[in-house]
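Visitor: dropping the sequence and predicted coords here.
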Amino acid sequence: MHAMKNILGIVNKVLCSFLICVLLCKSNYIICQTTYYKDIYPILLNNCIGCHRNDGYAPFSLTSYVDIKKRSQFIKYVISNRIMPPWNADNHYGDFANNRSLSEEKIKKIINWIDSGCVEGIKTKIKEKITYGESSQLQLKVDLKLRMKEPFTIKGINQNTYICYKIPYEIKNDTFANAIEFVPGNKSIVHHASYQVLEVADDVDINSGPNYFVFDADTLNRVNDEHDYRYFKLIGKDGKMPKETYHGGWLPGTTAQVYQNGIGIRIPKKGVLLIRNFHYSPTPIETTDLSGFNIFFTRSKISRTLGFASFKPQNPTKDGKWFIKKNDSNFVAHINVKFYNDVSLLNINPHMHRLGKTFLSFVITPTKDTIHLINIPNWDHNWQEFYRFKKMIKVPKGSVLHAEAMYDNSIRNAENPYSPPKDIMFEWGMNEDSEMMRLVLLYLPYEAGDENKNLK
Ligand code: HEC
């Protein structure tokens, strides 16, 4: 009887531990398993939803489990081939604060989750950290709200539209801003914008002159800034040219950079925001846009004014050709710039048009060290970023910056505007049928410790 009791006791214990084991494993299974709410949504929020949301730029939204599940195979394809999120810089070459690409680890995580059947998991309340609409994405008080004077009409002819648009403003005093935010009006059609803050001479009437022009065959032969400034009547009576105090850019998915640590953008009391290159996507239906800017003045004292420099190729080719010949798939242009002071670089913006193929830029210091800036192995003219370095980059006095841009004017380039290819003008104007090379830098005079400062 006693022995029987003992045996029953043991059986009981074994059964119990078995049950505990099953329970533990089961809960463990739930805890460890990758689920939509716990693991996948946070990644999508950071890397996809900025564009893939209801009023977003991308053609469909990726904000719900159902959205993801029904497109899971497509998502697997675009992330494993690095088609999405759009990001063209080589991350092994440069390190950027606004890098929105997915790490290998995150790609694997999403793919494994899709392969194991897109487990939804326990529904948790989702926190949308991004706010949209009329207000600012920065969630700061807007000090100066500037918008286009009237809505611009984009014809429903299924063609890209490029315009140049002037927004004049006047405030009481010269001041400084720690952020300028471009606010796209009609988000489904605004494709990209690059703009300047221009200070004008006292005798310039910023409200006279036209507000915009549309790039077409007639504007193709415009050759320089002076032509635009004259067109918009921004040149002073004694010939004083507008002075650029900032140069920024916007693409879907970009948020404005907020400068800290006493760094500011000079906002002259009288000036214009000139959207030099404003691109609207093709649309089959006539529509309008009213975009503009939010400007945020600095509350703290400014000790450092952001500098801006734009470089173009000195000599397009060795023999002075100014065309990219048809079928030439290896046309190369160079920029070489010497630095006469120590500077800290904050942003870099490489610019080419549709024939662009690769873009590389680096610095050689006087001690022959190489500092990597940016490598774009597969140029995509749709995604022209203002790349923001993760930490400021110190360029010592005496260094030389090199940039090399390569162009493909053959039929192998699917973006070639002409089929069959034809000779394309190089550095003749801004129309999309002509080609160009620009390298824009935002910089500060170097201060000790800059190279350890993170940029957000
Ligand atoms: C910067 C904006 C942006 C971000 C960020 C972004 N997408 Fe997209 N996505 C687009 C646009 C725009 C399209 C439309 C196709 C195009 O223009 O290339 C698109 C298309 C797609 C497509 C369809 C592909 C096709 O060939 O039509 C999928 C799938 C997709 N995105 C998934 C994602 C996923 C997943 C993420 C995040 C990991 C993501 N996207 C991040 C802008 C973005």
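Guide: Done, it's in.

Visitor: gap between I324 and E435?
Guide: Remark: distance between I324 and E435 (C-beta to C-beta, to the nearest Å) = 6 Å. (Glycine included, C-beta is placed from N, CA and C.)

Visitor: now for those two: what residues contact both?
Guide: Shared contacts of I324 and E435, defined by C-beta atoms under 8 Å, 6 or more residues apart in numbering, comprise 355, 407, 424, 426.

Visitor: what is the nearest of those residues to D203?
Guide: F426 (36.8 Å; C-beta to C-beta).

Visitor: measure V332 to the ligand for me?
Guide: Per C-beta to the nearest ligand atom, to the nearest Å, V332 is found 28 Å from the ligand.

Visitor: tell me which residues of the helix or strand harbouring that residue come out buried.
Guide: Assigned by DSSP states H and E, V332 falls within strand 331-338. Using 16 or more other C-beta atoms under 10 Å as the test for burial, strand 331-338 gives 331-333, 335.

Visitor: nearest to the ligand among those residues?
Guide: Nearest to the ligand among the buried residues of strand 331-338: F331, at 25.8 Å, using C-beta to the nearest ligand atom.

Visitor: tell me the bridge partners for that closest one.
Guide: Note on F331: beta-bridge partners Y407, judged by DSSP bridges.

Visitor: settle this for me: it is touching N409, isn't it.
Guide: Yes. With contacts counted by C-beta atoms under 8 Å, F331 reaches N409, the gap being 6.5 Å.

Visitor: joint contacts of the two?
Guide: In contact with both F331 and N409: 324-325, 355, using C-beta under 8 Å, 6+ apart.

Visitor: contact residues of the chain facing the ligand?
Guide: Proximity of the chain to the ligand, by C-beta under 6 Å from any ligand atom, involves residues 47-48, 50-52, 57-59, 71, 74-75, 78-79, 84-86, 100, 102, 252-253.

Visitor: could you redo the last one with a cut-off of 5 Å?
Guide: By C-beta under 5 Å from any ligand atom, the residues of the chain that approach the ligand are 47-48, 51, 58, 74-75, 78, 84-85, 252-253.

Visitor: let's see which of these end up in strands.
Guide: Using DSSP state E, the subset of these located in strands is empty.

Visitor: assign Y443 to helix, strand or coil.
Guide: What DSSP: H, G, I helix; E, B strand; the rest coil gives for Y443 is strand.

Visitor: again with I110
Guide: Under three-state DSSP, the three-state class of I110 is helix.

Visitor: how about R230?
Guide: Three-state call for R230 (three-state DSSP): helix.

Visitor: neighbours around it, how many?
Guide: R230: 14 surrounding residues under other C-beta atoms under 10 Å.

Visitor: returning to what we had before: ok, so of the residues of the chain next to the ligand, who is nearest K149?
Guide: Closest approach between the residues of the chain next to the ligand and K149, by C-beta to C-beta: P252, at 24.1 Å.

Visitor: before we move on, the earlier item: quickly name whichever of the shared contacts of F331 and N409 is closest to the ligand.
Guide: L355 (19.0 Å).

Visitor: filter the shared contacts of I324 and E435 to the buried ones?
Guide: By neighbour count, with 16+ other C-beta under 10 Å, the shared contacts of I324 and E435 hold 355, 407, 424, 426 as buried.

Visitor: I'd like the residues you listed laid out as JSON lines, including pLDDT and secondary structure.
Guide: Shown next, in JSON lines, are those (pLDDT from 0 to 100; DSSP: H, G, I helix; E, B strand; the rest coil):
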{"residue": "L355", "pLDDT": "95", "secondary structure": "coil"}
{"residue": "Y407", "pLDDT": "97", "secondary structure": "strand"}
{"residue": "I424", "pLDDT": "89", "secondary structure": "strand"}
{"residue": "F426", "pLDDT": "87", "secondary structure": "strand"}
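
Visitor: which one of those residues sits closest to the ligand?
Guide: Using C-beta to the nearest ligand atom, L355 comes nearest to the ligand of these, at 19.0 Å.

Visitor: who are the neighbours in contact with the closest one?
Guide: By C-beta under 8 Å, 6+ apart, the contact list for L355 reads 324, 331, 407-409, 413, 415-416, 424, 435.

Visitor: can you pick the most crowded of these?
Guide: Tallying neighbours with other C-beta under 10 Å puts N409 at the head of these, with 27 neighbours.

Visitor: just give the nearest non-adjacent residue to that one, would you?
Guide: I324 (4.7 Å; C-beta to C-beta, 6 or more residues apart in numbering).

Visitor: swap in T255?
Guide: Leaving aside its chain neighbours, T255 sits nearest to Q137 (5.3 Å; criterion: C-beta to C-beta, 6+ apart).

Visitor: V258 now?
Guide: Excluding the flanking residues, the one nearest V258 by C-beta to C-beta, 6+ apart is A179, at 4.4 Å.

Visitor: the one you found pairs with what?
Guide: Beta-bridge partners for A179, by DSSP bridges, are F296.

Visitor: return the set of buried residues in stretch 260-280.
Guide: Buried, per 16+ other C-beta under 10 Å, within stretch 260-280: 263-268, 270-280.

Visitor: low-scoring stretches of the stretch 251-400 of the chain, by residue?
Guide: Along the stretch 251-400 of the chain, the parts satisfying pLDDT under 70 run over 315-321.

Visitor: now it against the ligand: closest residue?
Guide: Closest residue of the stretch 251-400 of the chain to the ligand, C-beta to the nearest ligand atom: G253 (2.8 Å).

Visitor: and that residue, how many residues sit next to it?
Guide: G253 has 21 neighbouring residues, counting by other C-beta under 10 Å.

Visitor: that one contacts S101, correct?
Guide: No. With contact defined as C-beta under 8 Å, G253 does not count as touching S101 (11.5 Å).

Visitor: joint contacts of those two?
Guide: Residues touching both G253 and S101 by C-beta under 8 Å, 6+ apart: P85.

Visitor: what's the burial count for Y443?
Guide: Residues near Y443, counting by other C-beta under 10 Å, number 20.

Visitor: how about stretch 74-82, which residues are buried there?
Guide: Neighbour-count burial for stretch 74-82, counted by 16+ other C-beta under 10 Å, picks out 75-76, 79.

Visitor: as TSV, those with pLDDT and distance to P42 would be great.
Guide: TSV is the format used below for these (pLDDT from 0 to 100; distance: C-beta to C-beta, whole Å):
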residue	pLDDT	distance to P42
I75	98	16
K76	98	18
I79	97	15
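
Visitor: in CSV, list the residues you listed along with distance to K172.
Guide: Listed next are the buried residues of stretch 74-82 as CSV, based on distance: C-beta to C-beta, whole Å:
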residue, distance to K172
I75, 51
K76, 56
I79, 50
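
Visitor: narrow those residues to those in helices?
Guide: 75-76, 79 (DSSP state H).

Visitor: can you tell me which of these is nearest the ligand?
Guide: Using C-beta to the nearest ligand atom, these come closest to the ligand at I75, 4.5 Å.

Visitor: where's that closest one relative to K312, distance?
Guide: 40 Å.

Visitor: what of W113?
Guide: 47 Å.

Visitor: sounds good, over and out.
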